[in-house]
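Undergrad: Structure of the sequence below:
(one chain, ligands or ions: 2)
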Amino acid sequence: MKDERGILFILSGPSGVGKGTVRKSLFEKDPALEYSISVTTREPREGERNGIDYFFKKREEVQKMIEADELIEYAEYVGNYYGTPKEYVEKTLDEGKDVFLEIEVQGAMKVRENFPEGVFIFLFPPSLEVLKNRIINRGTETEDLVLNRLKEAQKEIDMMDAYDYVVVNDEVEKAVARIQSIVVSEHCKRERVAKQYQKALGSERI
Ligand SMILES: Nc1nc2c(ncn2[C@@H]2O[C@H](COP(=O)(O)OP(=O)(O)O)[C@@H](O)[C@H]2O)c(=O)[nH]1
Ligand SMILES: Nc1ncnc2c1ncn2[C@@H]1O[C@H](COP(=O)(O)OP(=O)(O)O)[C@@H](O)[C@H]1O
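TA: Ligands and ions are numbered 1, 2, ... in the order given. Next comes the predicted model:
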């Protein structure tokens, strides 16, 4: 284990706001970050690959993982399970690397209980109209599923106050730059706290 653990960043927000798009662009710019691949029972979309976008699993398989306490959190979202494998996150943080989770709001709130030191970022749409258009234009959901996702979105936006940061995703590049600033300032903050702590300990010894 490295002296300093990595930081756990949780990127959350309503479906269609652009979490996946922003996360992918962020990872292209910052190869030092590590992405935690979730398990899901949802069917793969065209172009999605097992072990890259998600670990696609059967319901019984995810249920077994839940029973064996192999997930940090899981949530049932629009009829499917989604969950974060524990082992990868713990191991990567112990190696001193920062880990990003891209998860919905119920799951993020559960992560808070186990990782209160995590940094919680809520990605916010410029407006509900824009959000609706982004889900429709993505073209991956039927009309019913778009409506379900929008219903969830309203509930999710109501939870925004529980986050450390709110980032508006007006333009992908701008949203990515805002998240990069958060990553840098969180590292500076932790370094400062560590130095103050060392100083306090030092003066105690004198
Ligand atoms: N709680 C939880 N949510 C997840 C996880 N992985 C993905 N999600 C979220 O589940 C929701 C649905 O994901 P998905 O079906 O891929 O749709 P999309 O994000 O709208 O493209 C999104 O809000 C994801 O961020 C996870 O491991 N745990
Ligand atoms: N800043 C943005 N401006 C315009 N379109 C965007 C922006 N961010 C994302 N999108 C588009 O919105 C749709 C939903 O984005 P996606 O990343 O799939 O969202 P999420 O992962 O939050 O469900 C996609 O078609 C994506 O290309």
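Undergrad: how close does the residue of the chain found nearest ligand 1 sit to Phe55?
TA: The nearest approach of the chain to ligand 1 comes at Gly107, 2.1 Å away (C-beta to the nearest ligand atom). C-beta here means a position set from N, CA and C on the backbone, and glycine is covered the same way. Counting by C-beta to C-beta, to the nearest Å, the separation of Gly107 from Phe55 is 15 Å.
Undergrad: between these two, who's got more neighbours?
TA: Neighbour tally, Gly107 and Phe55, criterion other C-beta atoms under 10 Å: the higher count belongs to Gly107, 23 against 16.
Undergrad: Kindly state the beta-bridge partners for Tyr165.
TA: For Tyr165, the beta-bridge partners are Ile121 (DSSP bridges).
Undergrad: repeat for Ala75
TA: Applying DSSP bridges to Ala75, the residues it is bridged with are Tyr82.
Undergrad: so where is this structure shaky, pLDDT-wise?
TA: By pLDDT under 70, the weakly predicted segments of the chain are 1-3, 203-206.
Undergrad: Lys195: neighbour count?
TA: The local packing count at Lys195 equals 10, with neighbours defined by other C-beta under 10 Å.
Undergrad: Give the other helices and strands that the helix or strand where it lies contacts.
TA: When secondary structure is defined by DSSP states H and E, Lys195 falls within helix 172-205. Contacts defined by 3 or more C-beta pairs under 8 Å, 6 or more residues apart in numbering; DSSP states H and E place helix 172-205 against strand 8-12, helix 19-29, strand 119-124, strand 165-168.
Undergrad: Good, wrapping up.
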